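Engineer: Provide a 3D model corresponding to the input given below.
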Amino acid sequence: MLMLAAIVVLHITTIILLLVAAIDNAWWVDDLVSADLWGRWDLSNNVWHYTNLKGYPEDYLQAVQATSVLACVFTILALFVFVAQLFTLPKGMRFTFTGILQIIACLCIMTGASIYTAKLHVNDTSGGYGHCYILAWISFVLTFILALTYFILRKKKE
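Structural biologist: Numbering: from 1, shown residues only. The predicted structure is shown next:
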């Protein structure tokens, strides 16, 4: 029972980290600029002003946006499938479908963060990756650990 609670807590933590990484505005930060997957904030006269993302390769940006949203969807879906399998899966069976959903989410996170690293902000001389970028990579590791756990975990025979 403690193992199941730990898995659910880890899964919910991963979902929260993924949502923060996809929504918050700190994938690329500088003293005067903060950018995320959806917009850019420029600081002028001590006020942050929102602008659209201009000058970014649109195909790559849309790929990162899509993979981030898909990662969130697959991770949330995997939690619901896991809970459903707790009640419907025959005893002694593995949580394979939940593991597959987690692997897909893991691949989405890795793909999106890798594209962001390789294709966006390549020529920027100032600034660096923000906390949302780091949260995305942490979520990648957590979803991979969860996927392995689901592939190994069997429903107990009581």
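Engineer: tell me the mean pLDDT for stretch 65-85?
Structural biologist: Averaging pLDDT along stretch 65-85 gives 96.
Engineer: and for that stretch, what are the contacting residues?
Structural biologist: With Cβ atoms under 8 Å, 6 or more residues apart in numbering as the test, stretch 65-85 has contacts from 7-8, 11-12, 14-15, 18-19, 21-22, 37-38, 95, 97-98, 101-102, 104-106, 108-109, 111-112, 115, 136, 139, 143, 146, 150, 155. For every residue, glycine as well, the C-beta is placed using N, CA and C.
Engineer: How about the contacts made by the residue lying closest to residue 129 once chain neighbours are set aside?
Structural biologist: Closest residue to residue 129 apart from its sequence neighbours, by Cβ to Cβ, 6 or more residues apart in numbering: residue 28 at 6.4 Å. Taking Cβ under 8 Å, 6+ apart, we find residue 28 in contact with 34-36, 120-121, 124, 127-130, 133.
Engineer: Buried members of the residues you listed into PyMOL, please.
Structural biologist: In PyMOL, a selection of the buried entries from the contacts of residue 28 looks like this (16 or more other Cβ atoms under 10 Å):
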select buried, resi 34+35+36+120+121+129+130+133
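Engineer: Out of the contacts of residue 28, name the ones that lie in strands.
Structural biologist: Per DSSP state E, strands hold the following members of these: 34-35, 128-129.
Engineer: avg pLDDT for whichever strand or helix holds residue 17?
Structural biologist: Here residue 17 sits within helix 2-23, counting by DSSP states H and E. Mean pLDDT, helix 2-23: 94.
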